[in-house]
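Participant: Everything below, folded, please.
(2 chains)
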There are 2 protein chains.
Amino acid sequence: MHFGDQLAKALAVNGPLCVGLDPHPNRIPPIFGNGLPGIEAFFMAVLTRLEGHCGIIKPQIAFFERYGPDGLRVLARLCAVAKARGLIVLMDAKRGDIGSTASAYAAAFLGPDAWVKCDAITVNPYMGMDTLEPFLNMADDRDKGIIVLVRTSNPGAADFEDLQIQDQPLYQHIAQALAPFACERRGALSGWSSLLAVVGATAPNEARKLRLTLPHSPFLVPGYGAQGASAKDALAASRDGQGVVVNASRGVLFPSGAYEAGSITQWENLFDAGLQKAHDELRAAQNV
Amino acid sequence: MHFGDQLAKALAVNGPLCVGLDPHPNRIPPIFGNGLPGIEAFFMAVLTRLEGHCGIIKPQIAFFERYGPDGLRVLARLCAVAKARGLIVLMDAKRGDIGSTASAYAAAFLGPDAWVKCDAITVNPYMGMDTLEPFLNMADDRDKGIIVLVRTSNPGAADFEDLQIQDQPLYQHIAQALAPFACERRGALSGWSSLLAVVGATAPNEARKLRLTLPHSPFLVPGYGAQGASAKDALAASRDGQGVVVNASRGVLFPSGAYEAGSITQWENLFDAGLQKAHDELRAAQNV
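Facilitator: Numbers count the residues shown, from 1 in each chain, chains lettered A, B, ... in the order given. Below you'll find the model as predicted:
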């Protein structure tokens, strides 16, 4: 199935919540063990809790790459389990390079013999449209998606992304360059594109304007929860409740008190309650 | 020793040539074997040939990441051998992300328990200065360097990097934002900074202008050879022959006829001749 349609289905069934797999060391509850084995046990447990609340995960590869080849093995095993559970996996890798190198990255993550199972990858557009093409081509061939950084949620986004060029910020120029590529890649069932954009929840007005430029692109929205944005802000660019994937990482992964959990059951109760809250809050905002 | 001083020393001793380790599959001479073992054997052979001609290598991580955890293990072994041979290793990874994630990447590549030995890493500035700070801090603590994409050598660089903002291209605004950080990081011996910039050889006029904005930053210059730029263009921004690292990948790695080499000795002769030519050409342009 076309990636835009897959994503639209997941959003309709489970709501906009995407859980980010960001294994901040020092925050994994000790009950799961230490180091990389602890990270693996923790996320294996997380993956068993998502059903009915979240159909999409976003592993942050940096925290696995931190551990080198062993970390990537853990990431590959987690993604395999996630796929077996029917989850959509958005790999947050923010790769970007010239043509032949971009082709290697595209093959690594989206190709037929990729070492890790995922459905889409985040990419950085700074170097130009020719650096995105190998990802787009591979995604097209394989019913995968690509997710382009447009307007991010960090304070530094103001430094370059917001620079005004002919009365429009840089990120709007990037969105305009992406628009025809997104339009060409609409799913037959949903009308949503397999070319997504990262649009931070900390900039809801910008998100509404970007929706006009990119009417067919689902937005991947970071910044909800721990970074301070509300569910309403996160869903600013949704259309009939569709077209927005809201990522929550720390806010869902590490609820208050869970670090000190004395048993797996106690941890499960705390995790489930936090997950339910994020799910319900976003579902409610989705259906406004 | 401060990274800027280490680099200046390598450039003075061996000239501006940096050999890029880009294992394009299908171009590794069959005499070295197939697949990942062939890639490892090929680059281990390359590393034995560089002495006296090149003091700096630039592995392109994408081509190793293509093979997942096993590929990263090969990369780590190659970098360990390169360091044991006294080479400076510039990891071409073009990473970039928000603060806590950037810290994980910085630890992965430049930290005290990094899984791979390297001296500097390329980073993408699109998301803003706060995404570069974790890399700068780690580099400062550990006598390492960071190399920021400014003006790249691909045709698509015109799409966004060259957009005019108040009569200056975007990449000049980025260079200006980097300038004070580069100035603070000058080596005591050479005056060259540990904050480098990627400035493509396909844009020599732009490189000369960027030299005025970033007088202390060594430039890492891709595009020489296979991408069409001459030695003179590649060294456009050098100062007294210093401050420019010229990368050659395909042009040096895969000389004409080497793919068909029937013996290691035959391959060595072809490789050595091509390496000598690139070295001499750049040395001559350096000393003009």
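
Participant: ok, residue A:140 - contacts?
Facilitator: Residue A:140 makes contacts with A:185, A:194, as judged by Cβ atoms under 8 Å, 6 or more residues apart in numbering or on different chains. Any C-beta I mention is one placed from the backbone N, CA and C, and that applies to glycine too.

Participant: Would you verify that it is located in a strand?
Facilitator: No. Under DSSP: H, G, I helix; E, B strand; the rest coil, residue A:140 falls outside any strand and is assigned helix.

Participant: how far away is it from residue A:122?
Facilitator: Distance, residue A:140 to residue A:122, using Cβ to Cβ, to the nearest Å: 17 Å.

Participant: can you check residue A:167 too?
Facilitator: 28 Å.

Participant: Make sure residue A:19 is indeed in a strand.
Facilitator: Yes. Under three-state DSSP, residue A:19 sits within a strand.

Participant: where along the stretch 51-200 of chain A do the helices fall?
Facilitator: A:61-65, A:68-84, A:99-110, A:133-142, A:170-183 (DSSP state H, counting those that start in this stretch).

Participant: now, of those, which is deepest in the fold?
Facilitator: helix A:61-65 (a mean of 25; mean count of other Cβ atoms under 10 Å in any protein chain shown).

Participant: name the helices or strands packed onto that one?
Facilitator: Counting contacts by 3 or more Cβ pairs under 8 Å, 6 or more residues apart in numbering or on different chains; DSSP states H and E, helix A:61-65 is packed against helix A:68-84, strand A:88-95, helix B:99-110.

Participant: how about a cut-off of 10 Å?
Facilitator: Judged by 3 or more Cβ pairs under 10 Å, 6 or more residues apart in numbering or on different chains; DSSP states H and E, helix A:61-65 is in contact with strand A:17-21, helix A:35-49, helix A:68-84, strand A:88-95, helix B:61-65, strand B:88-95, helix B:99-110.

Participant: Looking at these, which is nearest to residue B:219?
Facilitator: When those are compared by Cβ to Cβ, strand B:88-95 sits nearest residue B:219, at 12.1 Å.

Participant: circling back: so can I have a markdown table of the helices and strands packed on helix A:61-65 showing distance to residue B:276?
Facilitator: Below are the helices and strands packed on helix A:61-65 laid out as a markdown table (distance: least, Cβ to Cβ, whole Å):
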| stretch | distance to residue B:276 |
| --- | --- |
| strand A:17-21 | 49 |
| helix A:35-49 | 45 |
| helix A:68-84 | 35 |
| strand A:88-95 | 35 |
| helix B:61-65 | 25 |
| strand B:88-95 | 20 |
| helix B:99-110 | 31 |
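
Participant: Can you lay out these as JSON lines showing distance to residue B:238 and mean pLDDT?
Facilitator: Compiled in JSON lines, these are given as follows (distance: least, Cβ to Cβ, whole Å; pLDDT from 0 to 100):
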{"stretch": "strand A:17-21", "distance to residue B:238": "44", "mean pLDDT": "98"}
{"stretch": "helix A:35-49", "distance to residue B:238": "44", "mean pLDDT": "97"}
{"stretch": "helix A:68-84", "distance to residue B:238": "36", "mean pLDDT": "98"}
{"stretch": "strand A:88-95", "distance to residue B:238": "31", "mean pLDDT": "98"}
{"stretch": "helix B:61-65", "distance to residue B:238": "27", "mean pLDDT": "97"}
{"stretch": "strand B:88-95", "distance to residue B:238": "17", "mean pLDDT": "98"}
{"stretch": "helix B:99-110", "distance to residue B:238": "26", "mean pLDDT": "96"}
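
Participant: Go through these and name the closest to residue A:217.
Facilitator: Using Cβ to Cβ, the helices and strands packed on helix A:61-65 put strand A:88-95 closest to residue A:217, at 13.8 Å.

Participant: buried set for the lengthiest helix in chain A?
Facilitator: Using DSSP state H to define each element, chain A has its longest helix at helix A:264-286. Of the residues in helix A:264-286, A:267, A:270-271, A:274-275, A:278-279, A:281-283, A:285-286 count as buried by neighbour count, 16 or more other Cβ atoms under 10 Å in any protein chain shown.

Participant: CA atoms only for it, dumped as CSV, please.
Facilitator: Only the C-alpha atoms of helix A:264-286 are listed here, as CSV (Å, rounded to 0.1, in the frame of the first residue of the first chain):
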residue,chain,number,x,y,z
ILE,A,264,7.6,-4.3,35.9
THR,A,265,3.9,-4.2,36.8
GLN,A,266,4.3,-0.9,38.6
TRP,A,267,6.3,0.5,35.6
GLU,A,268,3.6,-0.8,33.2
ASN,A,269,0.9,1.0,35.2
LEU,A,270,2.7,4.3,35.1
PHE,A,271,3.7,4.0,31.4
ASP,A,272,0.1,3.0,30.4
ALA,A,273,-1.4,5.9,32.2
GLY,A,274,1.0,8.4,30.6
LEU,A,275,0.4,6.8,27.1
GLN,A,276,-3.3,6.9,27.6
LYS,A,277,-3.2,10.5,28.6
ALA,A,278,-1.2,11.6,25.5
HIS,A,279,-3.4,9.5,23.3
ASP,A,280,-6.6,10.9,24.7
GLU,A,281,-5.4,14.5,24.6
LEU,A,282,-4.3,14.2,21.0
ARG,A,283,-7.5,12.3,20.0
ALA,A,284,-9.6,15.0,21.5
ALA,A,285,-7.7,17.8,19.7
GLN,A,286,-7.8,15.7,16.5
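
Participant: what's the spacing between that helix and its chain's center?
Facilitator: 18 Å (Cα atoms, centre = their mean, to the nearest Å).

Participant: and it, average pLDDT?
Facilitator: In this model, helix A:264-286 has an average pLDDT of 96.

Participant: picking up where we left off before, pick out whichever of residue A:167 and residue A:122 has more residues nearby.
Facilitator: residue A:122 (24 against 6; other Cβ atoms under 10 Å in any protein chain shown).

Participant: thought the more buried one was touching residue A:96?
Facilitator: Yes. The pair residue A:122 / residue A:96 is scored as a contact, 9.4 Å apart, by Cβ atoms under 10 Å.

Participant: what touches both of the two?
Facilitator: With contacts taken as Cβ atoms under 10 Å, 6 or more residues apart in numbering or on different chains, residue A:122 and residue A:96 have A:135, A:148-149 as neighbours in common.

Participant: In CSV: those, plus distance to chain B and pLDDT.
Facilitator: As requested, the shared contacts of residue A:122 and residue A:96 are exported to CSV (distance: Cβ to the nearest Cβ, whole Å; pLDDT from 0 to 100):
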residue, distance to chain B, pLDDT
A:135, 12, 98
A:148, 11, 98
A:149, 6, 98
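
Participant: can you pull the buried residues of stretch A:2-14?
Facilitator: Neighbour-count burial for stretch A:2-14, counted by 16+ other Cβ under 10 Å, picks out A:2-11, A:14.
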